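Enquirer: Please find the sequence and the predicted model below.
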Amino acid sequence: MALKATIFKAQLQVADMDRDYYAEHALTVARHPSETDERMMVRLLVFALHAHERLQLGKGLSDPDEPDLWRKDLTGQIEQWIELGQPDEKAVIRACGRAGEVFVYGYQRAVEPWWQLAEPKLARARNLQVRRIIVGGEVALAALAQRTMQLHCTIQDGQLWLGDGERTAAVELQTLR
């Protein structure tokens with residue numbers, strides 16, 4: 001018998017001063033049995049970075065043909081395709097052909113070796129951006145994970161803070177491409 005996803009509910013308040021975007025999003029996150037709390041929280045963090053009324057959490061680990069997050073226009077065309085971790089280069093190239101913009105966010109130590117191998121293969125992808133997430137301070141993202149969450153994310157001058165009212169994780173982005 002297959003294990004089922006664990007459902008998390010998040011109220012995410014986003015104050016993105018860099019984009020002048022301020023909104024609250026009620027999200028239902030299905031965490032795949034093999035997904036860690038850290039990866040799930042990275043999905044929420046990246047959601048806040050790209051927050052938009054049409055941005056959706058994808059099936060991610062449950063469906064290899066669907067991204068972790070994506071945004072479609074009103075006609076169903078994919079505007080943004082967002083992957084986490086170290087995806088297969090062929091899948092990234094395929095996504096670049098399907099979407100207007102493709103983003104890859106790496107968040108563990110394995111990002112740099114993956115990028116060194118993947119960069120030459122992805123050199124022709126003009127609509128691709130690759131970023132590394134660096135969590136600083138004492139509060140790790142996984143520490144913020146709860147079955148029901150009230151989160152706030154502040155983004156200013158490329159710096160991010162994700163917190164739950166008691167604890168806050170400081171996050172920095174490093175652009176690799």
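Expert: That came in fine, so what should we check first?
Enquirer: What are the boundaries of the helices in this structure?
Expert: Counting by DSSP state H, the segments of the chain that form helices are 37-49, 89-98, 111-118.
Enquirer: And the residue nearest the centre of this protein?
Expert: Val46 (3.2 Å; CA atoms, centre = their mean).
Enquirer: Just give the number of residues close to the closest residue to that one other than its chain neighbours.
Expert: In space, and not counting its chain neighbours, Val46 is closest to Tyr105: 5.3 Å by CB to CB, 6 or more residues apart in numbering. Every residue, glycine included, has its C-beta placed from N, CA and C. Residues near Tyr105, counting by other CB atoms under 10 Å, number 23.
Enquirer: Mind listing the residues bridging to Tyr105?
Expert: Leu84, Arg131 (DSSP bridges).
Enquirer: Check the gap between it and Ile93 for me.
Expert: Tyr105 is 17 Å from Ile93, where distance means CB to CB, to the nearest Å.
Enquirer: Next one, pLDDT for Asp63 please.
Expert: We note a pLDDT of 64 for Asp63 in this prediction.
Enquirer: which residues in this structure form strands?
Expert: Ranges of strands within the chain are 6-16, 21-31, 55-57, 69-72, 78-84, 99-106, 128-136, 148-156, 159-163, 168-175, based on DSSP state E.
Enquirer: in this structure, what spans have low per-residue confidence?
Expert: The model of the chain has pLDDT under 70 over residues 1-2, 60-64, 137-139.
Enquirer: if we go to 80?
Expert: Within the chain, the stretches with pLDDT under 80 are 1-3, 59-65, 108-109, 136-139.
Enquirer: Which residues are in contact with the residue nearest to Gly106 when sequence neighbours are not counted?
Expert: Leaving out its chain neighbours, the residue that sits closest to Gly106 by CB to CB, 6+ apart is Arg132, at 5.0 Å. Counting by CB atoms under 8 Å, 6 or more residues apart in numbering, Arg132 touches 105-107, 111-112, 115, 173-174, 176.
Enquirer: Among the residues you listed, the buried ones, what's the PyMOL command?
Expert: To isolate the buried members of the contacts of Arg132 in PyMOL, using 16 or more other CB atoms under 10 Å:
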select buried, resi 105+106+107+111+115+173+176
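Enquirer: that older thread, these two touch, right, the residue nearest to Val46 and Trp81?
Expert: No. Here Tyr105 does not reach Trp81: they are 11.9 Å apart, not a contact under CB atoms under 8 Å.
Enquirer: circling back: of all the helices of the chain, which one is nearest Asp157?
Expert: Closest of the helices of the chain to Asp157 is helix 37-49, at 13.6 Å (criterion: CB to CB).
Enquirer: Hey, what's the angle from the closest one to strand 21-31? Just curious.
Expert: Counting by axes from the mean of the first three to the mean of the last three CA atoms, to 10 degrees, helix 37-49 lies at 150 degrees to strand 21-31.
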